[in-house]
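Participant: need coordinates for the below:
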Amino acid sequence: MSFNTTMTKVGYVLKRYPRFSETFIVNEILAHEAAGQELEIFALRPVEETHFQDRLGQVRAGVTRIPDKQKTAEALWQIIASVQDRLPDAWDAFGKMHRENGRDVAQAILLALECRARGVDHLHAHFGTVATTVARLAAKLAGINYSFTAHAKDIYFDYDENLNLAAKLRDARPVVTVSDFNVAYLRDRFGNDASHVVRLYNGLDLALFEYRAPQPAATDSLAVGRLIEKKGFNILIEAVRLLHENGHPVRCRIIGGGDDRSHLAAQIRASGLEDFVELLGPRPQSDVVAMMRMAAVLACPCVTGRDGNRDGLPTVLLEAMALGTPVISTDVTGIPELVQDGKTGLCVPEGDPEGLAEGLARLLASHELRQKLAAAARTAIERDFDITGNAAVLRSLFFDTRGTEARSSEGM
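Facilitator: Below is the predicted model:
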């Protein structure tokens, strides 16, 4: 199969860049650059975080921050007026944007102008929310194609505003998502509009995650993620309490920061686990990797939040499985595709502290089981989650212009 590979530049459109929790985006960008693909990065909102990935400094692409607020009506008018000279074919597209948010349209104009100035002829967004909204409008204005990766929150979260996800699915080429579970859900919900969605797993640079067999003497469990509801860390703390109640005084460390820290700390105190469960806050990836290597098990007790928010395929699972750290997780969205129960890890029902406690006890009691699961997990990661191969597939989808004529031209 041959593809048109004459593309000059791809523009990555992201709501915020960088974000500490979005390691998978940095992995993808670096893999593209290693293959010689020129990129531009466009960020739509200010950075809010103070901790960033270790590899961020390796990204060569420049970052252009698209202003998200215009100070005066005159400033907005100047943006619109600039289209007449620099994007003369955009006026027809404006007529179909009357229902769009003015802030999004203004950013789309600026983004389209940047694409024209920088030779960007394809836009790719992550998450089907504001980044894809602006990329879609900008692509219409600039007369280029766009694509996006749908993850989890953008699919399942109950947003107040209409994301127009059906329209985005209909006219983006390609649309990728990170699990077979997501593909089935989107096709069931959106029908023909989602018929061309492709599953493409997130990936890792496996050269950075050397496999080592689990340590026989390891006894502690580890968890990594933002301290928010969907990560299920309250379930993990309750599982540790149950293990202690049954005579298994295990220790657990939780890496990450977030809004639920005070609630989790209170739960730890109420359970009498202050000496056994630690909330360590955010840590650089080098520290996370070192702690994964020392842990007997990586616990990822994801749940579906009350607002519908849930994880897709947490990167921390990929990292632990690549390193040789046995994992236990839950049956949320696409996780069972990665953590196959009894084969590449243990997978228990979500929101089930008893089941989680039982699984942790099994893993901590049997080095043989940990070895078997870890070896199979590494094989699965090498087969399906190598970022070099997965990014190459994504680029081939960018370059495959077949079906572009099917993009909707009827309204926005």
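Participant: so where do the strands sit in the stretch 151-300 of the chain?
Facilitator: With DSSP state E, counting those that start in this stretch as the criterion, the stretch 151-300 of the chain has strands at 175-177, 198-199, 221-224, 252-255, 277-281, 297-300.
Participant: so what strands line up beside the last one?
Facilitator: This points to strand 297-300. Using DSSP bridges, strand 297-300 pairs in its sheet with strand 221-224 (parallel), strand 327-330 (parallel).
Participant: could you say which of those strands is packed most deeply?
Facilitator: strand 327-330 (a mean of 28; mean count of other C-beta atoms under 10 Å). For every residue, glycine as well, the C-beta is placed using N, CA and C.
Participant: what packs against the very next helix or strand once past that strand?
Facilitator: Counting by DSSP states H and E, the next helix or strand C-terminal to strand 327-330 is helix 335-338. Here helix 335-338 touches helix 315-323, going by 3 or more C-beta pairs under 8 Å, 6 or more residues apart in numbering; DSSP states H and E.
Participant: so how far is the helix it packs on from its chain's centroid?
Facilitator: Between the centre of helix 315-323 and the centre of its chain there are 14 Å (C-alpha atoms, centre = their mean, to the nearest Å).
Participant: could you give the average pLDDT over it?
Facilitator: The pLDDT scores in helix 315-323 average 97.
Participant: could you do stretch 251-258 as well?
Facilitator: The model assigns stretch 251-258 a mean pLDDT of 96.
Participant: mind saving the C-alpha coords of it as CSV?
Facilitator: What follows is stretch 251-258, C-alpha atoms only, in CSV (Å, rounded to 0.1, in the frame of the first residue of the first chain):
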residue,chain,number,x,y,z
ARG,A,251,2.5,-1.0,52.2
CYS,A,252,1.4,1.2,49.4
ARG,A,253,2.7,4.4,47.8
ILE,A,254,0.6,6.7,45.6
ILE,A,255,2.4,9.1,43.3
GLY,A,256,0.4,12.1,41.9
GLY,A,257,-1.3,15.3,42.8
GLY,A,258,-4.9,16.4,42.5
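Participant: got the contact list for it?
Facilitator: 51, 219-228, 231, 233, 236-237, 240, 264, 276-283, 287-288, 291, 295, 299 (C-beta atoms under 8 Å, 6 or more residues apart in numbering).
Participant: now the buried members of those residues.
Facilitator: 220-228, 231, 233, 236-237, 240, 264, 276-277, 279-280, 282-283, 288, 291, 295, 299 (16 or more other C-beta atoms under 10 Å).
Participant: make TSV out of the strands of the stretch 151-300 of the chain and add distance to residue 326.
Facilitator: Shown next, in TSV, are the strands of the stretch 151-300 of the chain (distance: least, C-beta to C-beta, whole Å):
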stretch	distance to residue 326
strand 175-177	27
strand 198-199	26
strand 221-224	10
strand 252-255	14
strand 277-281	19
strand 297-300	5
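Participant: closest to residue 212 out of the ones you listed?
Facilitator: strand 297-300 (13.8 Å; C-beta to C-beta).
Participant: next, the buried residues of that closest one.
Facilitator: 297, 298, 299, 300.
Participant: quick check, nearest of these to residue 154?
Facilitator: For these, the nearest to residue 154 is residue 300 (20.3 Å; C-beta to C-beta).
Participant: could you report the pLDDT at that closest one?
Facilitator: Value for residue 300, per-residue pLDDT: 98.
Participant: from residue 145, how far out is the closest residue to it other than its chain neighbours?
Facilitator: In space, and not counting its chain neighbours, residue 300 is closest to residue 329: 4.1 Å by C-beta to C-beta, 6 or more residues apart in numbering. As judged by C-beta to C-beta, to the nearest Å, residue 329 and residue 145 stand 36 Å apart.
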